[in-house]
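# Dropping the sequence and predicted coords here.
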Amino acid sequence: MKTKSMIWLVVVMLLTFQLSSCSEHIDDEWHGNIIPGCILLSNNQIISEKSFDTTKMNAVGVVIGTRQDTVWVVNTKELGRFSYLDTLSTVSDVSSNETLLCGLENTAAILKSGRKSPAVNVVMSYSSTVTGWSLPSIGELKMLSANLETIRKSMQTIKGDVFSTSPYLSSTPDGSSSQTEELYAKCITLQSGYVSSILKTDAAQIRPVLRIKVR
């Protein structure tokens, strides 16, 4: 009986650690316990949804997923509907791979190209206490869609904007062919996870995503 009691004590301690670990600062040693639905504060601290205090804390986003030592966060704000480009053209160094979590690299490539991108411009001009937001890749938006219910609950807690039922624009071009890569960008309906293509000059919803490398 004594041995059984000790085992239960260890289990309870482990569960307590897992539930409270989201309150660790992102600069602390990485334990891999930050999960979708955790909240990023303006002071770069990540906490659990249950730990959020609306009277004392300022949230800037919600965690949508993690990979090893990296965390992805979706912004609290809808930025409106904007187009990928103002002309139909191919942008060098932008990946069409739909599995990559590369919104940051794609956004940098669009900026470097010198082409006018209303979508990228609105993300870059967005004022936030936390910097580094980008136009997400379709892979990052798929991650958001896969965890949408959990993320939506946290977004309600922090009084963030409601997710639209309209498709969200990604920074990923349609790589089916050289012609489609020139003409179309990928977008996704978050509620269903349905991925489609949209003309680069047509507007779709914009929601910035942040990639954090945990030290």
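Looks like it arrived, so ask away. These numbers come from a predicted model, not from an experiment.
# And the helices in the protein?
Along the chain, the stretches classed as helices by DSSP state H are 2-20, 103-113, 118-124, 138-146, 148-157, 178-183.
# by contact count, what packs against the last one?
Spelled out, it's helix 178-183. Judged by 3 or more C-beta pairs under 8 Å, 6 or more residues apart in numbering; DSSP states H and E, helix 178-183 is in contact with strand 168-173. The way it works is simple: take the backbone N, C-alpha and C, and place the C-beta from them, glycine included.
# The strand it packs on vs helix 138-146, what angle?
Computed by axes from the mean of the first three to the mean of the last three C-alpha atoms, to 10 degrees, the angle separating strand 168-173 from helix 138-146 equals 150 degrees.
# Against which helices or strands is strand 168-173 packed?
Judged by 3+ C-beta pairs under 8 Å, 6+ apart, the packing partners of strand 168-173 are helix 103-113, helix 118-124, helix 138-146, helix 178-183, strand 184-189, strand 203-205.
# what about dumping the CA coordinates of it to CSV?
Extracted in CSV, the C-alpha atoms of strand 168-173 (Å, rounded to 0.1, in the frame of the first residue of the first chain):
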residue,chain,number,x,y,z
TYR,A,168,-7.0,33.2,-44.9
LEU,A,169,-4.1,34.1,-47.2
SER,A,170,-0.8,32.5,-46.9
SER,A,171,2.7,33.5,-48.2
THR,A,172,2.9,30.2,-50.1
PRO,A,173,2.4,30.2,-53.9
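# which one of the helices of the chain has the lowest average pLDDT?
Out of these, helix 2-20 stands lowest, with a mean of 34 (criterion: mean pLDDT).
# Does the longest strand anywhere in the chain pack against any helices or strands, and if so which?
The longest strand of the chain (DSSP state E) is strand 59-67. Contacts defined by 3+ C-beta pairs under 8 Å, 6+ apart place strand 59-67 against strand 39-41, strand 70-75, helix 138-146, helix 148-157.
# any chance of the ones you listed in CSV, with mean neighbour count too?
Below are the helices and strands packed on strand 59-67 laid out as CSV (neighbours: other C-beta atoms under 10 Å):
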stretch, mean neighbour count
strand 39-41, 24
strand 70-75, 23
helix 138-146, 24
helix 148-157, 18
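# Could you pull up phi and psi at S117?
phi -120, psi 100 (degrees, to the nearest 10).
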